[in-house]
Structures are given as C-alpha cells and as structure tokens.
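1. Sequence first, predicted coordinates after that:
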Amino acid sequence: MLNKLFLKTLFILSLVFTLSSTANATLITQDIWLDSWTTDAIDYEYIGYISIDTESAIIDDINNDGSLMLGTVSAWVDFELFGFNFWTEAESDAALDANPFSFPMFGLFEAVFDVNNLAAGIELLQFDVTENAINQIAFNGFIDTFVPTGFLDIFDPTGALYDFGDLAFGEARLTAVPEPTSLLLFLAAAIGLTTRRKVK
C-alpha cells in the first residue's frame with residue numbers, strides 16, 4: 001500500500017514539474033518579407049524566416065521593476081533567406097575546425113524580444129551573414145518593429161550591391177521546447193508507472 005502511494009506521488013510530482021518547466025523554453029519563428037527597391041511597386045514578398053531560442057537569451061530588466069524585460073540572443077536556431085539556410089555558429093565553428101583556412105560563415109546577429117509578450121515575436125533583428133552553399137552572397141539587414149520599415153542589402157561575391165529593399169516581419173509562431181530536466185522527470189514518471197504495473 002505504501003509502495004503504491006509512493007509511486008503515485010512520484011508520478012504526480014514529475015508531471016507537475018515537467019509541465020511547469022517546459023514552459024520556460026520557447027522557440028520564436030518569425031517570417032521575413034521584402035519589398036525590393038528594384039521595382040516601383042510596393043509589393044512585399046515572403047523571402048524566409050528566422051528561429052531563435054528564448055532560453056539562450058540575455059535578459060535585461062529595463063525599468064528594474066519587471067515591467068519591461070527584453071531578451072537578446074546572438075545566435076539563431078534556424079535562419080533562411082531566398083532558399084539559403086545559414087549555418088549556425090556551431091556548424092560554422094565545426095567547418096573552421098575541419099579546415100582552418102575556410103571562410104567563417106557565421107556573422108553579426110542580434111535578435112531582441114519582449115520576455116513578457118513572446119506572442120509579439122521578435123521586436124528587433126539585425127544581421128550580417130554570408131550564405132555557405134554557392135557563391136558566398138552576403139546579406140545585411142535590420143528590422144525594428146517600432147520603425148516603419150527595415151532594410152536589406154544583398155551583395156554578390158565581388159562585394160557589389162546586388163539587390164536592396166525594405167524588410168518587414170510577418171507572422172510569429174511559438175513552439176515550446178522540452179528542457180533536458182523536463183525529459184528526465186518525464187522519464188522518472190514513466191519508470192514509476194512501469195514499476196507500478198509490475199507490482200500489481
């Protein structure tokens with residue numbers, strides 16, 4: 001009887017901790033749209049997306065009272081523009097370790113979000129990155145949701161300006177990411193259930 005009570009308690013506690021701690025890690029994925037200045041018409045088109053992990057952010061309490069908490073990340077989880085999927089910092093470092101004479105592909109990156117309002121998505125994004133697949137085309141961009149338009153400059157491999165235009169954010173999507181501790185607690189609950197069945 002005592003064994004059953006212990007197992008039930010273990011199971012309930014592990015579920016509570018799992019559900020409460022899972023909410024701490026969230027991915028923000030934001031669509032990116034461009035209005036190219038090479039045409040006269042104002043015509044925004046979808047060009048890609050950015051995903052960041054809020055768990056890796058440096059948090060700044062702007063007013064020192066918790067009313068405005070901004071999170072800043074300096075790396076992405078997934079970043080794609082015009083079909084180019086940019087290497088993460090870890091992927092770039094691995095390439096440099098394999099060939100010290102290769103060109104580092106990870107560039108300047110900063111994304112800022114409101115910790116108290118994750119559903120609003122990314123509020124500021126600036127980047128200067130180079131694609132690693134074809135001809136090392138460089139992308140330099142900036143979006144601030146408090147400014148009417150952002151910008152994007154695209155440079156060809158010779159450094160000449162290839163295209164430019166206004167950038168804007170599209171829809172933001174949130175995805176909960178289970179933390180390792182949450183997974184361990186869930187595993188403990190599963191073991192508890194298995195043990196309980198064997199006891200019966």
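-> Ah, there it is.
2. quick one: low-confidence ranges for this protein?
-> Residues of the chain meeting the criterion pLDDT under 70: 1-24, 101-106, 133-135, 179-200.
3. now the helices: where do they sit in this structure?
-> For the chain, the helices defined by DSSP state H cover 2-22, 89-98, 180-199.
4. How far does the second one sit from its chain's centre?
-> Going back to what we said before, that points to helix 89-98. Centroid separation between helix 89-98 and its chain, computed with Cα atoms, centre = their mean, to the nearest Å, is 19 Å.
5. residues of that helix that come out buried?
-> Using 16 or more other Cβ atoms under 10 Å as the test for burial, helix 89-98 gives 92, 95. Every residue, glycine included, has its C-beta placed from N, CA and C.
6. Stretch 37-53 too?
-> 44, 47-53.
7. ok, of those residues, which one's closest to Pro148?
-> Using Cβ to Cβ, Tyr44 comes nearest to Pro148 of those, at 12.8 Å.
8. For that closest one, which residues are in contact?
-> Contact partners of Tyr44, counting by Cβ atoms under 8 Å, 6 or more residues apart in numbering, are 33-35, 166, 168.
9. If you rank these by neighbours, which is first?
-> Leu34 (24 neighbours; other Cβ atoms under 10 Å).
10. Show me what it is bridged to.
-> Beta-bridge pairing for Leu34 (DSSP bridges): Glu45, Leu167.
11. tell me the contacts of it?
-> Here Leu34 is in contact with 44-45, 47, 152, 165-168 (criterion: Cβ under 8 Å, 6+ apart).
12. can you rerun that using 7 Å?
-> Taking Cβ atoms under 7 Å, 6 or more residues apart in numbering, we find Leu34 in contact with 44-45, 47, 152, 165, 167.
13. Kindly provide the distance from it to Leu70.
-> Leu34 is 26 Å from Leu70, where distance means Cβ to Cβ, to the nearest Å.
14. what about the residue nearest to Asp60 when sequence neighbours are not counted, how many neighbours?
-> If the residues on either side of it in the chain are set aside, Asp60 comes closest to Leu70, at 5.0 Å by Cβ to Cβ, 6 or more residues apart in numbering. When neighbours are defined as other Cβ under 10 Å, Leu70 has 17 of them.
15. didn't Leu70 look like it was pressed against Val112?
-> Yes. Between Leu70 and Val112 there is a contact under Cβ atoms under 7 Å: 5.6 Å.
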